[in-house]
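In: Sharing a model that was predicted from the sequence below.
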Amino acid sequence: MANPDFSTGRINQKKRTREALLKAARRLLQQQKSLTIEAVAQEALVSRATAYRYFSDVDVLAQEAVISTGLPEVEHILDQLPPGSPAERLARCQELTWDLNEQMEPEFRKFLSLAVLKNINPASSQELRGNRRQELIARILEPIKENYKAETYRNLELSLCVFVFSIEALLVMKDVCRLDGQEGKAVINWAVRCLLKGSKRMEEAGN
């Protein structure tokens, strides 16, 4: 069964349904009840078929429910950012995100391993991961969005999602590049500033 497409249709409703399922799973875990897709669907007051469209693997659902318990809401993160230019706020947001990812590193590693194993078969229905980072980036860059061409802005936003604000960036810095937390954090912070400055220069150069 295909997962819901979060790029078209009733996007906000799909996000609310997904969050309702995660909240239901968290409640069941806190009550130490058996976690199944059927039980989560019943707790969230949605049909079993709907629940399976969002989470077909109960282990992936359980792990994301655990992770999301420790993740602050987008508004909470934005409130922690000092006033200043979008570039300064984005750099500070990267530092906060890195610290959070590092604090929850074991949980994220387990979640990624489950997600990769679940999605290793191209023919299977892939589990969609949460996407708070893109909303966070978009909110911070909103004041300067109109300064970019649509394609440049899209490339910038997606590049920040992949190379800066992802848990994968932290893992590559540590596991592949063999940097400690502070060194990796500094490199990624440098990358934030390079992406912002470089994207505008490439646009102006016609690239």
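Out: Happy to help now that I have it. Residues are numbered from 1 along each chain as shown.

In: List the buried residues in stretch 161-178.
Out: Neighbour counts using 16 or more other C-beta atoms under 10 Å place 161, 163, 164, 165, 166, 167, 169, 170, 171, 173, 174 of stretch 161-178 among the buried residues. Using the backbone N, CA and C atoms, a C-beta is placed for each residue, glycine as well.

In: Need phi/psi at the fourth one.
Out: Dihedral angles phi and psi of residue 165 (degrees, to the nearest 10) take the values phi -100, psi 10.

In: Please apply the same query to the second one.
Out: Listed backbone geometry of residue 163 is phi -100, psi -10, with angles given as degrees, to the nearest 10.

In: For it, give me its contacts.
Out: Applying C-beta atoms under 8 Å, 6 or more residues apart in numbering to residue 163 gives the contacts 169, 188, 191, 195.

In: How about the helix ranked longest in the chain, which residues are buried there?
Out: Counting residues, the longest helix found in the chain (DSSP state H) is helix 181-204. Residues of helix 181-204 classed as buried by neighbour count (16+ other C-beta under 10 Å): 184, 185, 188, 189, 191, 192, 195, 196, 199, 203.

In: thinking the first one is in contact with residue 171, fair?
Out: No. Counting by C-beta atoms under 8 Å, residue 171 is not a contact partner of residue 184; they are 9.4 Å apart.

In: Please identify the nearest residue in space to residue 47, excluding sequence neighbours.
Out: In space, and not counting its chain neighbours, residue 47 is closest to residue 41: 6.4 Å by C-beta to C-beta, 6 or more residues apart in numbering.

In: mind listing the helices for the protein?
Out: 11-30, 37-44, 48-54, 58-69, 74-80, 86-103, 105-118, 132-141, 150-163, 167-171, 181-204.

In: Let me have these in a markdown table, adding mean pLDDT as columns.
Out: Formatted as a markdown table, the helices of the chain follow (pLDDT from 0 to 100):
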| stretch | mean pLDDT |
| --- | --- |
| helix 11-30 | 85 |
| helix 37-44 | 92 |
| helix 48-54 | 90 |
| helix 58-69 | 80 |
| helix 74-80 | 89 |
| helix 86-103 | 92 |
| helix 105-118 | 78 |
| helix 132-141 | 91 |
| helix 150-163 | 93 |
| helix 167-171 | 92 |
| helix 181-204 | 92 |
